[in-house]
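Novice: what's the 3D shape of this:
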Amino acid sequence: MSDTQNPFELFMRQAQEMAKAWNPALETFNVREFEQYWPTMPKEFMEMSFGKGLSKDGLDAKTRLLLTLAGLTMQGAQAETPFRMNVRHAREAGATKDEIAETIAQMSMFAGIPAMTRAMDLAREVMEADGKDETT
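Specialist: Got it, this is the predicted structure:
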């Protein structure tokens, strides 16, 4: 096979062409811009759904979200939208910027520096946009 194109990039390009054919307005649609309109769940709802609602003696929502962040970092932070949303929800659940940075940094031991760097860059973007000043 002489075609050296990335199959995923080819698929995405074909999907974009098809979307433009169906609706020309989709030519400028950007998924990253769309994620900002997805609401952040209130802390109480996250606690009910992910925290003590599952097990009254179990992990709280903040801890569960930090564990999820660790897992997403281990995957190289390739799923950008879920990663960004997880950082946003972790902040809402009470995680500090330092706790998020420490969670990501800990994963560098297992996932490597490139994965950690990508995750830190994405987390920094979200935390700079959230308007909260505290670092501890």
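Novice: contacts and neighbour counts: CA atoms only from here.
Specialist: Noted.
Novice: Name the SS class of the residue most central in space within the chain, please.
Specialist: Closest to where the C-alpha atoms of the chain average out (CA atoms, centre = their mean) is F83, at 1.1 Å. Following DSSP: H, G, I helix; E, B strand; the rest coil, we place F83 in the helix state.
Novice: what's the answer for A95, then?
Specialist: Here A95 is recorded as coil under three-state DSSP.
Novice: What is the burial count for the nearest residue to it once chain neighbours are set aside?
Specialist: Distances taken as CA to CA, 6 or more residues apart in numbering put K62 closest to A95, at 6.1 Å, once the chain neighbours are dropped. Using other CA atoms under 10 Å, K62 has 22 neighbouring residues.
Novice: Does K62 touch G94 like I think?
Specialist: Yes. Using CA atoms under 8 Å, K62 is in contact with G94, at 6.2 Å.
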